[in-house]
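Peer 1: output the structure for:
(chains A and B)
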There are 2 protein chains.
Amino acid sequence: MIPIAILVGLGFAALLTRDILRRDTGSDRMREIASSIQQGARAFLRRQYKTIALIAVALAILFAIALGAQKGPLLGLETAGAFALGATFSALSGYIGMHIAIRSNIRSAAGSLKSFNDALVIALRGGAVSGLSIVSMSLAGVALLYYGYGALGPAVNPATYNTCIGAGYTVAQCTAQATEDSLILSIVGFGFGASLVALFAQLGGGIYTKAADVGADLVGKVEAGIPEDDPRNPAVIADLVGDNVGDCAGRGADLFESTAAENIGAMVLGVVLFPYFGIAGVIFPLVARSFGLVASIVGVFVVRAREDESPMSALNRGYIVASVLAAILFGFAAWAMLQPSSPTASGSLTWAYYWVCGIAGMVTAVVYVWVTQYYTEARYRPVREIAKSSETGPATNIISGFAVGLEATAIPAVVVSIAILFSYWLGESTGIPGGGIYGTAIATMGMLATAAYILAMDTFGPIVDNGAGIIEMAGMPESARKNMDKLDAAGNTTKALTKGYAVGSAALAAFLLFNAFLTEARVKAVDLAHPETFIGAFMGGTLVFLFSAYAIRAVGRAAWSIIKDVRDQFRENPGIMAGTSKPDYGRTVDICTRSALREMVVPGILAVATPLAVGLIFRFVKVTYVGGVPIPTGEPLGGFLMVGTIAGVLMALVFNTGGGAWDNAKKFIEAGNLGGEGSPTHKAAVVGDTVGDPFKDTAGPSLHILVKLLSTITLVIAPLLT
Amino acid sequence: MIPIAILVGLGFAALLTRDILRRDTGSDRMREIASSIQQGARAFLRRQYKTIALIAVALAILFAIALGAQKGPLLGLETAGAFALGATFSALSGYIGMHIAIRSNIRSAAGSLKSFNDALVIALRGGAVSGLSIVSMSLAGVALLYYGYGALGPAVNPATYNTCIGAGYTVAQCTAQATEDSLILSIVGFGFGASLVALFAQLGGGIYTKAADVGADLVGKVEAGIPEDDPRNPAVIADLVGDNVGDCAGRGADLFESTAAENIGAMVLGVVLFPYFGIAGVIFPLVARSFGLVASIVGVFVVRAREDESPMSALNRGYIVASVLAAILFGFAAWAMLQPSSPTASGSLTWAYYWVCGIAGMVTAVVYVWVTQYYTEARYRPVREIAKSSETGPATNIISGFAVGLEATAIPAVVVSIAILFSYWLGESTGIPGGGIYGTAIATMGMLATAAYILAMDTFGPIVDNGAGIIEMAGMPESARKNMDKLDAAGNTTKALTKGYAVGSAALAAFLLFNAFLTEARVKAVDLAHPETFIGAFMGGTLVFLFSAYAIRAVGRAAWSIIKDVRDQFRENPGIMAGTSKPDYGRTVDICTRSALREMVVPGILAVATPLAVGLIFRFVKVTYVGGVPIPTGEPLGGFLMVGTIAGVLMALVFNTGGGAWDNAKKFIEAGNLGGEGSPTHKAAVVGDTVGDPFKDTAGPSLHILVKLLSTITLVIAPLLT
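Peer 2: Got it, this is the predicted structure:
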């Protein structure tokens, strides 16, 4: 089943790519603009990957040596190999997503010259290439390692073996479980490799896109008084490039690592259930993901819009089809695979218990999407409140938007809590030891089942955003512009929804990844009453705040370098503003690339180094002795991981929601409310929108990845702490 | 020693009050203004206390019934009684602080007509009345209950008795320890009563002061174009009233409850050490506090400034004297009281181990003060960076200021972590079981030793702020204005430092109060690997975000009602702007009072209801069974408390530091840098300053109290969870 799904996924991605590439590319002027965007995006990615590769290789060597010295060369090499594969696949995912996006944008724009449906379908299918190939590759990577390392014949993990024997199982059962455990341990590096690349991709891309956006706006709209996407602005191409490198490459890597990390975490927990489900429990996550992939493909193909239809209702139709189909297939997979070999409290209905866990995860996804809409759409109270408070100036706009962001943490936190508690309780009710946390793992799988479709909707956003920019810059007719603007608005919505979805899945996955860490680090309890653990927890929360500070500041600094360059260009060449000569787009793109890459290094290193430092420090610093024995070495790191995750999820919600709400409050005023465009109220709302930019597109998305990176890095170093 | 210190403290407060009241009150115009401020402040406090009293009485009855039903009527009544006393004393502290502040302001202003030193000394002594009476009353309350309830003859706590007997001590020893334990349990209500009043006082006062400030600025400076403190602005008196009700009454109640909660928490932990130190270990916190009070009195009396001296260096001289003296007296108290009756690893040097813990706390206080200065003073990089980024407009100013606030969490978090770890390790090294956490408790005592002096410096701030306003409004000569402006600037610094100090002590006290809760709730471990505990922790973090949202939004809403009223007054009576008729100050004060009180209710109730709800829900919802037994009922609440505390401390640091840095970036520009006053850069910086107002004076300080309220409320309900 798994290889078939991977082949189907990749096959459809190839098919869609061929279909898209055959489409019309519009006028020469359009092609010229699109080619500038392509060049800028490719140049950025090339340089960015070079920087990331250096860091990744250094870390791979470090882990190979450290794990090799501690646990034998085989585990060291296998982990390093898995890490390298994860990093490569993650980079490849980002590259594919962007590669097709920078080709779909112009074709969607050209489609809009003919019909609204053409533009919509091309953009969504462009996004689907990204979604399908990313999910397929994440699946392929884990499966490849699982079967590849399995063929190499992994060692038996003695600790797991002894626990198993102690619980009264047979030697054969325990040997199988302990072998499985060693195998999974060797592939956790894949998740960390994926996270590492994702973090840098999102950080670098996020800084790039918002620095270009803020820089272009401040110097173009505010100083020079020219409209957005005006070809006279030297930063305008950098701005369009930014959408691709930040949203496509960044979010692609983000969801690649979400699915990869969650697969591996669920497999780690599946090993614990070995006596009941055997290997089926371990590979169930991969099979469930495969079915979700198939459901997403169907969803993409049913989307078709009438000319007068709102694009969101067409996209939602596809989402509903994908979700319902995924739910049915999920049930089938559970029924086929989760039949316990030993007697359980839930008897022959065990599979149904876990199926309901999966459904609970899907419901959580829907609720997240709804809550995100409530807090970021102008139809509801929060955005109206921000718009209204702009009447008394930018300060009250900021105060009110920040309050909305803070408020928006409550419902999502409660919803995730209920989902965790419910799925844990249901899993625990099966009577299988470790069945509770496996229930939570399955809920997370349910939430991520339609990841490929969600990702298609997400990448749809930057494609139509770019398309609208190309139409605007090329001076195309009003009808095309209207079509693209409608799609662009829908793209803003889908981008916001995906962020809500991504942070929700991070929150739900957190608890299962945490338990995977505890399993691997052989930590029984993470007790906050121990001062080391409390301090680990405190440091986890602090890392989130410090990381956010660097991410936000990076945008300010990089934007500053762009503003300086644009001012220089205007001064050096007065023909630009007069419209008689073309600005040097490439120079601005180049400057933006260099400063974004420079600024991404410190927060990136911070994210990797802090968990290593906390783990290392508490290897040596021990103050709590329980019955003369110090607490487990991994325990403070457990506190760090958990509280870092809680703080990261909450902060990401503040940033994403606050940013989205400010954006839409500005759009609400631009639509002619409260004085409309150009009024002092609008000016105040523009300040909020600009503040929200680094919040929602740099700090927020980077925090999702930080949260998952913490899980995967602690999983990798867990064997060092036993 | 304790009653003597209380009498000395109160005696000196009375002496200083007499000295201040005898001073000159300046011109008739000054008296008229001061009397308007007094009326407004008194009216606010009267109404506020009425609202708080209703809530407090309802809670007292609730706790009396709930605890009475569960643990016998004696404990129920005693807890309710202690709660009532704590609430009353806390309210009284706020009242005294404000009562003397609204009399010192005019006298300090009148003093400035004569000499700089007169103005400084009057203002500091006015603040000292507040500091001395608050610390004395906190001490008196706990001592009164301890000896009063002790005389009533409390019950023996059977759980403590059995643990003690199990550890091999004699029946006499264990009876004494179990009696002591019951006694302390009955007085924890005092801390909660104090926190509850402090929370509402700070919330209501904080909303009032910033609504008036923001409202007066937006409608006066921005709309009408008149300077700050201009008598034509109807909101100007409300603004001056706000300084008193927010800063004096609010911070007074805050530090009252800090010292009370910390005393009680340390006493709870002292009971655990009963076999070694007997009653001396339990009452050591009270004795140490008494010595700190005496040291603070000496510190206040040595302050005297030369005419050309900077006020900060005079104030710092007093602080150094108080600190050194406190350190010496602390050592004496430790030597006299902490001599173990059973053999320990540290032998006859046990007292010295704990003395060093106290010194570590004092060092922590100094580091906090230094870090706060670094992040909020224009001499250093962060404020300069914010000022510089104002050149590209308000959006970059906000981004940069927010990044500074986030960054400013790191060093304080590391410092507190080191202090906790070091003092725990030192305490543990004595070899006494429970000695580690007692070491941390003593470090907190060290940090709070000079609380009375710090509080004097803090209340100094609003007194000179008011004084400067009175001089300005009464049109007094330039020399007096210069004297008061110098003091006003120093007052801004001392206010910022006290906030840093308050949040630092909250962080340090958190771990000891958490352990006091675990002791009383009979919870052995707070294990984040249990889903209930994880969810409790998640909810704790979420409460902090939601509470902040309400606190910040409240200011926006209340400010809006003031803006509306001022606009109405300008429209109804054109003579106001012409200077021919006086605005109706009382009407604005009244509107501000009503809206501040309305807005304080929701966040206040939220803070009290959430821990109760979490405690209650997890009494019934149980999903984790360890060996067939559900986890302790109090464990999820422990997770809630701890992660709520971590999030609260970090968020408070962001708000306090961000707000202070924005404020000083604006002042830096006003001092003639980067274009100076009136430039676009300055306008951008004003936006940041306005955003920072509710951050630093409403949300931040309220969060300190929230953190401590969580500790005290969980301590009170702990017996319900055993």
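Peer 1: element containing the residue most central in space within chain A, please.
Peer 2: Nearest residue to the geometric centre of chain A (C-alpha atoms, centre = their mean): residue A:254, 2.9 Å. Using DSSP states H and E, residue A:254 sits in helix A:251-272.
Peer 1: kindly report the same for residue A:493.
Peer 2: In this assignment (DSSP H and E), residue A:493 forms part of helix A:478-521.
Peer 1: is chain B within reach of the helix or strand following that helix?
Peer 2: Downstream of helix A:478-521, the next assigned helix or strand under DSSP H and E is helix A:531-572. Yes: using C-beta under 8 Å from any C-beta of the partner chain, helix A:531-572 reaches chain B at A:531-532, A:534-535, A:537-539, A:541-542, A:545-546, A:548-550, A:552-553, A:555-556, A:559-560, A:563. Where you see a C-beta, it was placed from the backbone N, CA and C, and this is true even at glycine.
Peer 1: ok, stretch A:623-631 next?
Peer 2: Yes: shown here: stretch A:623-631 in contact with chain B (C-beta under 8 Å from any C-beta) through A:623-625.
Peer 1: now, which of these lie within helices?
Peer 2: Residues of the residues of stretch A:623-631 next to chain B located in helices (DSSP state H): none.
Peer 1: so can I have CSV of the residues you listed showing pLDDT and neighbour count?
Peer 2: Formatted as CSV, the residues of stretch A:623-631 next to chain B follow (pLDDT from 0 to 100; neighbours: other C-beta atoms under 10 Å in any protein chain shown):
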residue, pLDDT, neighbour count
A:623, 84, 23
A:624, 83, 19
A:625, 80, 11
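Peer 1: ok, residue A:646 - contacts?
Peer 2: Applying C-beta atoms under 8 Å, 6 or more residues apart in numbering or on different chains to residue A:646 gives the contacts A:510, A:541, B:537-538, B:541, B:643, B:647.
Peer 1: same question, residue A:185
Peer 2: Shown in contact with residue A:185 (C-beta under 8 Å, 6+ apart): A:75, A:79, A:157, A:520, A:719.
Peer 1: for it, pull up the helix or strand it's in.
Peer 2: helix A:171-216.
Peer 1: now do the helix or strand following that helix: which elements does it pack against?
Peer 2: Once helix A:171-216 ends, the next helix or strand along the chain (criterion: DSSP H and E) is helix A:236-242. Counting contacts by 3 or more C-beta pairs under 8 Å, 6 or more residues apart in numbering or on different chains; DSSP states H and E, helix A:236-242 is packed against helix A:28-71, helix A:171-216, helix A:451-473, helix A:585-620.
Peer 1: now do 7 Å
Peer 2: Helices and strands touching helix A:236-242, as assessed by 3 or more C-beta pairs under 7 Å, 6 or more residues apart in numbering or on different chains; DSSP states H and E, comprise helix A:28-71, helix A:171-216, helix A:585-620.
Peer 1: nearest approach to residue B:309 belongs to which of those?
Peer 2: helix A:585-620 (41.8 Å; C-beta to C-beta).
Peer 1: pLDDT of that closest one, averaged?
Peer 2: What helix A:585-620 shows for mean pLDDT is 92.
Peer 1: and it with helix A:478-521, angle?
Peer 2: Here the directions of helix A:585-620 and helix A:478-521 differ by 20 degrees (axes from the mean of the first three to the mean of the last three C-alpha atoms, to 10 degrees).
Peer 1: near chain B at all, helix A:585-620?
Peer 2: No: using C-beta under 7 Å from any C-beta of the partner chain, we find that helix A:585-620 stays clear of chain B, coming within 9.9 Å at best.
Peer 1: how far does that helix sit from the chain's center?
Peer 2: Computed by C-alpha atoms, centre = their mean, to the nearest Å, the chain-centroid distance of helix A:585-620 equals 18 Å.
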